[in-house]
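> Fold the stuff below for me.
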Amino acid sequence: MEKEAVAVMAANLARLLQRGRPVKLVDHTLELFGDYYGQVTEPVARKAVKYLYGEGGTPTTGVGGDRTRELMVLPPTQS
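The predicted model follows:
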């Protein structure tokens, strides 16, 4: 279930970032976790950030720093 959750949560995060503003994960818990809310743990959210970074959807790597809930994810840079 975790693998599917990462991809879905990364897509949810990408939608949030389309607004063009940074997203603090704790402020968008329900939108981020979607149907997986209460079913997967917080580290899955960090994996979703890393996944989105790998897809070029954010310059935020998801590595190190703040606790997962405090992580600020930046929208993709315009090229």
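> what's the offset of the longest helix seen in the chain from the middle of its chain?
In the chain, with assignment by DSSP state H, the single longest helix is helix 2-17. Using CA atoms, centre = their mean, to the nearest Å, the distance from the centre of helix 2-17 to the centre of the chain it belongs to is 6 Å.
> Just the buried residues of it, please?
For helix 2-17, burial by neighbour count (16 or more other CB atoms under 10 Å) applies to 5, 6, 8, 9, 10, 12, 13, 14, 16, 17. C-betas here are computed from N, CA, C, even on glycine.
> And it, what does it pack against?
Helices and strands in packing contact with helix 2-17 are listed as strand 23-24, helix 29-33, helix 42-54; criterion 3 or more CB pairs under 8 Å, 6 or more residues apart in numbering; DSSP states H and E.
> Which of the ones you listed sits closest to residue 70?
strand 23-24 (7.1 Å; CB to CB).
> average pLDDT for that closest one?
Mean pLDDT, taken over the full extent of strand 23-24, equals 94.
> Where does the prediction get shaky in the chain?
78-79 (pLDDT under 70).
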